[in-house]
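> Take this sequence and fold it.
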Amino acid sequence: MHNCTCNTQPRSQAIIEARNISKQFGKVTPVRNGNFQVGRGEFVTLLGPSGSGKSTLLNLLAGLERPSRGSITLDGEELTTMDEDDLALLRRRLVGFVFQAFHLIPTLDALENVAFPLYPVKMERKERKRRARELLDRMGLGERAGHLPARLSGGEQQRVAIARALVNGPEILFCDEPTGNLDSTTGREILHLLTRLNRDQGLTIFMVTHDRNIAALSDRSLHMHDGEVNQT
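The predicted structure follows:
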């Protein structure tokens, strides 16, 4: 069966769908029988203690790992039937990532870090720089474009990482404890930035956290315990 999402079809209100997904590593099962949906434009947090399976579930939803059982659909496209090349193309088109560790390339300045995901795309160098600079300006970092990561504060590095995650124009932003390495004041600034992206641009955000104060800013929370996902 040809699995394509045609432009003439109405877009599903659910942009993420998990159906009976489980992940097993040997005798360990960090994700068990997950069933839930995330609506288009929704901000959903995934709460749970350390070791409950949150990061594994996020990696499954983002197509970075494959479930042992069940199926995952992003924007109407079934991940579990795709080969690695198709998965990579879908992630590039649809998904952005923000992590607790900023994962910036230390030898590239802020502008080059933001532009880096655009290099596999056929695009003129001038357009890559324009798009990256526009995002840095939106993050309030236009004057820091030529600085290496070591010369940026933690909050500035995370803003660069968010700009990099947005440079391909994704519809879903997956965040894994994005404020975990930041002080409380800087963490609140990053959260307010993400909230504005969700509210003003309709960006779907799926965020792993252990902090209920962060969850209070989201539309809805899922809870994980011993690999099981409970909806509230």
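> And T81, how far from S71?
8 Å (CB to CB, to the nearest Å). (Glycine included, C-beta is placed from N, CA and C.)
> Need phi/psi at the residue lying closest to S22 once chain neighbours are set aside.
Excluding the flanking residues, the one nearest S22 by CB to CB, 6 or more residues apart in numbering is R69, at 4.6 Å. Note on R69: backbone dihedrals following degrees, to the nearest 10 are phi -140, psi 160.
> Mind pulling the model confidence for R69?
Here, the pLDDT recorded for R69 equals 94.
> Now do the same contact list for G154.
With contact taken as CB atoms under 8 Å, 6 or more residues apart in numbering, G154 is in contact with F102, N181, L182, D183, T186.
> rewinding a little: ok now do the residue nearest to S22, which residues does it touch?
N20, I21, S22.
> so K23 sits in a strand?
Yes: K23 sits within a strand when classified using DSSP: H, G, I helix; E, B strand; the rest coil.
> Please name the residues that touch the residue lying closest to it once chain neighbours are set aside.
Leaving out its chain neighbours, the residue that sits closest to K23 by CB to CB, 6+ apart is V31, at 4.2 Å. Contact analysis of V31 by CB under 8 Å, 6+ apart lists I21, S22, K23, G53, T56, L57, L60, P67, G227, V229.
> where does the protein have low pLDDT?
Along the chain, the parts satisfying pLDDT under 70 run over 1-12, 232.
> show me the biggest helix of it in terms of residues.
Counting residues, the longest helix in the chain under DSSP state H turns out to be helix 184-201.
> contacting residues around that helix?
Outside helix 184-201, the residues that reach it (CB under 8 Å, 6+ apart) are 41, 43, 98, 139, 153-155, 158-159, 162, 166, 173, 175, 178-179, 182, 203-205, 207, 214, 217.
> Contacts only, for the residue sitting nearest the centre point of the chain.
Closest residue to the average C-alpha location of the chain: F174 at 1.7 Å, with CA atoms, centre = their mean. F174 makes contact with L58, L61, A62, V95, G96, F97, V98, F206, M207 under the criterion CB under 8 Å, 6+ apart.
> wait, which of the residues you listed is closest to G146?
V98 (22.6 Å; CB to CB).
> neighbouring strands for the host helix or strand of that closest one, and are they parallel or not?
Using DSSP states H and E, the element containing V98 is strand 95-99. Sheet pairing here is set by DSSP bridges, and for strand 95-99 it gives strand 172-176 (parallel).
> The strand it pairs with vs helix 184-201, what angle?
Interaxial angle, strand 172-176 versus helix 184-201 (axes from the mean of the first three to the mean of the last three CA atoms, to 10 degrees): 160 degrees.
> The contacts of helix 184-201, buried ones only, as a ChimeraX selection?
Buried residues within these, by 16 or more other CB atoms under 10 Å, are selected in ChimeraX with:
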select :41,43,98,139,155,158,159,162,166,173,175,178,179,182,203,204,205,207,214,217
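> Sort out for me which of the contacts of helix 184-201 are in helices.
Counting by DSSP H, the contacts of helix 184-201 contribute G154, G155, Q158, R159, I162, L166, I214 to helices.
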